[in-house]
Structures are given as C-alpha cells and as structure tokens.
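Novice: take this sequence and fold it.
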Amino acid sequence: MNKDVKKIVPQLRFSEFEKEGEWKIKMLGDKDVSKIVMGSSPKSANYNTEGKGLPLIQGNADIKNRLSVPRIFTSEITKECLIDDILLSVRAPVGTVAKSLHKACIGRGISAIRTVKDNSQEYLYQWLISYEPYWQDISQGGAFDAVNSDDIKKVSIPFPSPKEQQKIADCFSSLDEVITAETEKLDLLQDHKKGLLQQLFPAEGESQPKFRFPEFKDDGDWEETTLDEVADYENGKAHEQEISDTGKYKVVNSKFISTEGEVVKFTDSANLMANTGDILMVLSDIPNGKAIAKCFYVDEDDTYTVNQRICKITPTDIDNKFLFYIQNRNKYFLAFDDGVKQTNLRKETALSFPFLKPKDPKEQEKIANCLTLADDLIKKQADKIESLQDHKKGLLQQLFPSIND
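Specialist: Reported below is the predicted structural model:
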C-alpha cells in the first residue's frame with residue numbers, strides 16, 4: 001500500500017464528523033450527484049420586454065451579486081432553469097457561479113445544475129464557488145473562452161455524508177447572509193451620497209441648491225465660473241517605457257482611476273508629479289465608457305505621477321475637494337461621448353467647464369467636508385465587506401479538501 005497517497009479530508013472539520021473518515025470523489029455529471037442542463041439560445045426575434053414567455057438568462061450580464069437578474073423575456077423556450085438552480089457561466093468569463101431566482105429560459109452562455117438524491121444543493125453551490133479559479137485551466141476556444149458539457153460533467157467533487165454536507169452548507173449560508181446584510185448597508189450609504197450630491201449642488205437651471213446649511217441660507221445665488229478661472233491645468237506625460245515593479249511612484253492612468261487604485265503600475269520616473277489637493281481626470285475612453293471624466297483626488301505628496309491621457313488640475317481659487325466633487329463625471333464632460341467613437345477631451349474643453357460655486361469659501365469647504373464624511377463611511381463599509389469575503393475565502397479553502405494539487 002502506498003503511504004504517500006493523499007487522503008481526501010479537509011483541513012478544518014466540524015468535531016462531530018472528525019471520525020467519519022475520508023470523503024468520496026464523484027463527478028459532477030454522475031447520475032447520483034446532479035442534473036445538468038446546458039443552455040440554448042432562442043432566436044432574438046422572440047425577445048420581448050412585455051413579459052411574454054419566460055425571463056431569459058443568457059450569461060454573466062444577467063447575473064449580479066451571484067443572483068439572476070434577467071433583462072428581457074423570450075416567448076421561445078429552449079432550455080429551462082428552475083428557481084434555486086445553480087447557474088454556471090460556460091462562456092467568458094467561464095465558471096462564474098450564481099443562484100437562479102427565476103424559472104427562466106437559459107441561453108448558451110449558461111448551464112443550470114441541481115443536485116439529486118440526498119446531496120445538498122447549497123453544499124454544491126458553495127463548492128463550485130471554491131472551484132471558480134480552476135475553470136480557466138480547462139477553458140477552450142482561444143480568445144472567446146468556453147467550456148462544454150463534457151468539461152462540466154468531468155469535474156471531480158469531494159463529497160462527505162449528507163449530514164456533513166448540510167453542516168458545511170449552513171455555515172456558508174449564515175456567512176453569506178451577513179455579507180448580504182452588510183452589502184445592503186453599503187448600497188444605502190451609496191444612495192445617501194447620491195442624495196447629498198443632488199441636494200447640495202444646484203439642479204440644472206437653478207442658482208441655489210435645494211439644501212443649504214443654516215449659516216449660508218442668506219448668502220444668495222451661487223456664482224458662475226469656469227475651470228480656467230479657478231485652477232491650473234497640465235497634461236500628463238508618458239511613462240510606458242519606464243514601468244518598474246519596484247518603482248517608487250504610482251502611475252496614475254485611466255485603469256488606476258477607473259478601478260479606484262486597485263490596478264496600479266509603478267515607476268521611478270516622476271514625469272509629472274501630483275501633489276496633495278490636485279485633481280487627476282481621465283481624458284480618453286471608449287464609447288459609453290465608465291472612465292471618461294472620472295477623477296482621482298490626490299491625498300499625499302511624493303506618491304503619484306500623472307500618465308498621458310490624464311490631466312492634472314491644481315485648484316487656485318476654489319476649495320480643492322469641492323471642485324473634485326463637482327467635476328467628477330460631470331454631465332458637461334459626459335456629453336462629449338457620442339456613443340460611437342473614442343472620446344478624447346481636449347485641454348480647451350476641460351478649461352471651459354462651466355459650473356456654479358458658493359461665493360463664500362467656507363460654504364465650499366462645508367459641502368466638501370460633508371461629502372468626504374460620506375465617502376469615509378462608504379470606504380469603511382466596503383472594507384468591512386472585503387474582510388468578510390476574505391474570511392469566506394479562507395473557510396472555502398479549509399472546509400473543502402483540495403483535490404487539484
């Protein structure tokens with residue numbers, strides 16, 4: 001007997017199951033494990049928004065927060081999923097796992113999976129989440145990654161007894177409920193900030209905001225100005241040939257700004273240094289892009305250098321943070337995106353940006369401080385959710401045995 005054969009047991013096991021021995025390995029397509037339904041796309045002529053037929057789940061675009069969110073209906077029913085089925089994306093990005101809230105028609109970008117016999121649906125759902133990183137290894141189809149029915153059926157899955165499956169499922173379900181509750185709090189905070197932006201700045205055609213702090217109620221109308229009158233402008237410089245993994249400075253490009261700093265490159269060359277209080281804005285983006293005119297507020301010195309297609313705005317006669325909040329993704333800039341061709345904002349366009357500002361710098365500062373507090377609360381809540389998600393990732397690694405090493 002080979003003593004080096006790896007035992008199929010998890011790193012962490014509930015005490016009542018520690019003596020139950022090894023888990024069994026089964027294939028996802030085994031008849032005593034699950035039923036798999038591969039999607040098939042109906043003809044687009046049968047799509048509708050009037051609720052005729054069934055909701056249509058076509059792929060990742062119809063999934064949000066691991067739940068089905070179909071956008072249209074179809075009167076031609078090809079393949080169906082049921083409520084509580086596991087949804088698995090079979091086209092790029094392959095392997096995304098979700099739950100179906102609908103009895104729906106599923107297109108070719110989705111497969112539906114439901115357990116049979118005594119197997120726990122929640123256990124399988126959570127295990128497939130833990131397996132998501134491995135789908136890329138078995139993807140096929142070149143630039144347009146996809147997996148087929150055989151790929152899915154051949155996936156090996158570790159199974160304990162039904163009771164242990166349920167215990168693990170309950171553990172993750174409870175944690176998911178906490179994450180969902182905290183995510184709902186984050187949504188409320190973000191909605192609150194949107195409301196503040198609408199209340200604290202004048203609506204189109206108005207010269208005063210709907211809400212004004214008591215000490216400024218008698219200050220009259222806000223005054224018209226342009227970016228050229230209150231700030232200096234400078235275009236970013238190229239850094240592409242000077243990127244270094246060990247570089248001292250963060251290169252602020254459109255990807256950095258659009259991902260809130262999550263995707264970052266480094267360099268030792270500060271070709272255009274940004275200083276505390278500067279506002280960095282994206283000047284170029286694809287049609288209907290989400291990055292155009294998105295701004296980044298510089299909160300520390302000797303850290304950021306500005307790349308090409310990003311401009312540096314240095315406020316001279318206005319509160320820095322106030323300008324950041326009124327300029328970020330402002331409708332004036334978004335109007336230059338025609339939805340057809342690349343959007344490129346020019347220096348003259350940026351400097352001509354017209355807006356209203358309070359005459360009293362103290363009112364500008366008070367508005368900025370109010371919105372900054374809202375942002376701080378949002379970040380704190382987002383960090384809390386990220387911590388919970390990291391905790392879940394750790395549990396997924398410990399409560400499920402690794403069979404892919």
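Novice: following the least confident helix or strand in the chain by mean pLDDT, which helix or strand shows up next?
Specialist: When the helices and strands of the chain are compared on mean pLDDT, DSSP states H and E, helix 135-138 comes out lowest with a mean of 69. Following helix 135-138 in sequence order, the next helix or strand is helix 149-153 (DSSP states H and E).
Novice: mind listing what's buried in that following helix?
Specialist: 151-152 (16 or more other CB atoms under 10 Å). For glycine as for every other residue, the C-beta is placed from the backbone atoms N, C-alpha and C.
Novice: following it, which helix or strand shows up next?
Specialist: Remark: after helix 149-153, the chain's next helix or strand is strand 156-159, criterion DSSP H and E.
Novice: other SSEs contacting the following helix or strand past that next one?
Specialist: Downstream of strand 156-159, the next assigned helix or strand under DSSP H and E is helix 162-200. Helix 162-200 is packed against helix 121-131, helix 361-399, with contacts defined by 3 or more CB pairs under 8 Å, 6 or more residues apart in numbering; DSSP states H and E.
Novice: tell me how this protein divides into domains.
Specialist: Split into domains by automatic domain parsing, the chain comes to 24-159, 223-357.
Novice: pLDDT weak spots in the protein?
Specialist: Counting by pLDDT under 70, the chain shows low-confidence ranges at 1-6, 136-144, 404-405.
Novice: buried residues, the helix or strand containing residue 26. List them.
Specialist: Residue 26 is part of strand 24-27, with elements assigned from DSSP H and E. Across strand 24-27, burial judged by 16+ other CB under 10 Å covers residue 26.
Novice: also stretch 353-362?
Specialist: Neighbour-count burial for stretch 353-362 [16+ other CB under 10 Å]: 353, 355-358.
Novice: in strands, which of those residues fall?
Specialist: 355-357 (DSSP state E).
Novice: CSV for these, including distance to residue 177?
Specialist: Formatted as CSV, those follow (distance: CB to CB, whole Å):
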residue, distance to residue 177
355, 44
356, 45
357, 45
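Novice: any chance of CSV for the domains of the chain, columns distance to residue 170?
Specialist: Shown next, in CSV, are the domains of the chain (distance: least, CB to CB, whole Å):
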stretch, distance to residue 170
domain 24-159, 8
domain 223-357, 33
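Novice: ok, which of the ones you listed comes nearest residue 10?
Specialist: Of all those, domain 24-159 sits nearest to residue 10, with 8.1 Å by CB to CB.
Novice: what about that closest one, how long is it end to end?
Specialist: Across domain 24-159, the terminal residues are separated by 5 Å (CA to CA, to the nearest Å).
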